[in-house]
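this is a predicted model, with the sequence first.
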Amino acid sequence: MARFYILGKEILPGQSVELSMDVAKLHTHTPVQVPVFVERSLKDGPIVLLMAGMHGDEINGMEIIRRVIRKKWNKPIAGTIICLPVFNIFGYLNLKRELPDGRDLNRSFPGSKNGSLASQFAYQFMSQIAPNVDIVIDFHTGSAQRSNIAQVRCLLSDPVSMELAKVFSPPFIVHSGYISKSVREALNKMGKKILLFEGGKTNSIDETIVEEGLLGIQRILNHFKMKSFNLEQDHTEPIVIKSSKWLRAPLSGVFHAVAKNGQFVERGEVIGFVSDPYGSSERKVKSNSKGYIICTNEAPLVNKGDAIFHIGSALAAEKIKGSDL
């Protein structure tokens, strides 16, 4: 078997190791370490990284990977599984999206050794972990009080990513280009394959979303023969979203959503209301397009222009099955 090193340590066949990625120190000189769990089997195979907590308030993904470790699903029968449950440890401790320097870690890649704190985090990951993996599944949630339906985001024109997304089989696969300085863009430039899973909202654990994430992981590990889960074969095919746009609040006030995440809506359909707090006025919110709601703002109060519904247009079934993907 080939020799395998990560974070400066050789991982032997059959070995189970908890490592730490040292990224910074507190003001007290106490080192801040990001735990990384590595499980290598006795047989060669793919190296899969499951990571969450890029943003410190996105708890669903952390819970998904916690359960993977707790259930010992990260012990493969072939290949290697690496779990990074909480990447942005600073944000996690403060239940905030950003690092203490106010920067978004997922807009700081590939980073630099002596740059900002966020840049140092990104650099350590790209230099010490990313080169050693084949496939990455990165778990996220909607920001603020915007709740995402369970979905995988990838480039529809990339046949390998699309194949992996369909193996993961979430309710929705959403076309998404590469965002500058994101981990997804940086890993793509490195030649790695990454699936970005979105589901739920910040600072909460949604059991439906967690279950979708766990099922997707099981399907991926089965696909690569890294585990052997007994799964039902009969499940709904993902709906592929080719494009999407936000519907924004027509005025400030109390927001009442009528339509639900995952629901199909027609253009002009009433899907919510915005009212004043005094009962004197109420404004209908009508869908600005035909498609599926893939994200809903669950905030009770909104300002004019706030994003309240994310509506996606689906790719026709015959197009999904075509050879152009």
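Arrived safely. Numbering: from 1, shown residues only.

scan the chain for its longest helix.
Criterion DSSP state H: the longest helix present in the chain is helix 207-223.

shouldn't A150 be within a strand?
Yes - assigned with DSSP: H, G, I helix; E, B strand; the rest coil, A150 falls within a strand.

and for it, the neighbour number?
Neighbourhood size, A150 [other CB atoms under 10 Å]: 25. Every C-beta, even on glycine, is put in place using the N, C-alpha and C of the backbone.

need the pLDDT of it.
Looking at A150, its pLDDT stands at 98.

same thing with P100?
88.

isn't it right next to L117, touching?
Yes - here P100 lies in contact with L117, judged by CB atoms under 8 Å, at a distance of 6.5 Å.

would you map the helices across the stretch 1-150 of the chain?
Listed in chain order, the helices of the stretch 1-150 of the chain (DSSP state H, counting those that start in this stretch) span 59-70, 89-94, 117-128.

do you know which of those lies nearest I81?
The stretch from these with the least distance to I81 (CB to CB) is helix 59-70; that distance is 8.3 Å.

let me see the mean pLDDT of the closest one.
Model confidence over helix 59-70 averages 98 on the pLDDT scale.

next: stretch 168-179.
pLDDT averaged over stretch 168-179 equals 97, rounded to a whole number.

and that stretch, how far from the chain's centre?
10 Å (CA atoms, centre = their mean, to the nearest Å).

equivalent analysis for stretch 214-229, please.
Its chain's C-alpha centre lies 17 Å from the corresponding centre of stretch 214-229 when counted by CA atoms, centre = their mean.

neighbouring contacts of it?
Among residues not part of stretch 214-229, those counted as contacts by CB atoms under 8 Å, 6 or more residues apart in numbering are 41, 45-46, 48, 50, 64, 67-68, 73, 76-79, 81, 135, 137, 152, 164, 167-170, 197, 231.

let me see the ranges of the strands in the stretch 1-150 of the chain.
5-6, 9-10, 16-25, 31-40, 47-52, 80-84, 135-140, 146-154 (DSSP state E, counting those that start in this stretch).

what's the closest of those strands to K290?
Nearest to K290 among those is strand 146-154 (16.9 Å), distances taken as CB to CB.

just want the angle from the closest one to helix 59-70.
Regarding strand 146-154 and helix 59-70, their directions subtend 60 degrees when assessed with axes from the mean of the first three to the mean of the last three CA atoms, to 10 degrees.

which parts of the helix or strand that strand 146-154 is followed by are buried?
Toward the C-terminus, strand 146-154 is succeeded by helix 159-168 as the next helix or strand (DSSP states H and E). Taking 16 or more other CB atoms under 10 Å as the neighbour-count basis, helix 159-168 is seen to contain the buried residues S161, M162, L164, A165, K166, V167, F168.

low-confidence stretches in the protein?
Within the chain, the stretches with pLDDT under 70 are 317-325.

name the residue most distant from the centre of it?
Each residue of the chain has a distance to the centre, and by CA atoms, centre = their mean the biggest one is for S280: 41.3 Å.

strands along the stretch 151-300 of the chain, start to end?
For the stretch 151-300 of the chain, applying DSSP E, counting those that start in this stretch gives strands covering 172-175, 193-200, 239-248, 253-257, 264-265, 270-275, 282-286, 291-297.

run the chain-centre distance for the second one.
Going back to what we said before, that points to strand 193-200. Relative to the centre of its chain, strand 193-200 is centred 3 Å away, using CA atoms, centre = their mean.

what about the residue nearest to L93 when sequence neighbours are not counted, how many neighbours?
Across the structure, with CB to CB, 6 or more residues apart in numbering as the measure, the residue nearest L93 apart from its sequence neighbours is G56 (7.2 Å). The burial metric for G56, expressed as a neighbour count using other CB under 10 Å, is 24.

thought G213 was touching G61?
Yes - checked against CB under 8 Å, the pair G213 and G61 is within contact range at 7.1 Å.

returning to what we had before: want to try a markdown table for the helices of the stretch 1-150 of the chain, with mean neighbour count as columns?
Below are the helices of the stretch 1-150 of the chain laid out as a markdown table (neighbours: other CB atoms under 10 Å):
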| stretch | mean neighbour count |
| --- | --- |
| helix 59-70 | 21 |
| helix 89-94 | 18 |
| helix 117-128 | 21 |
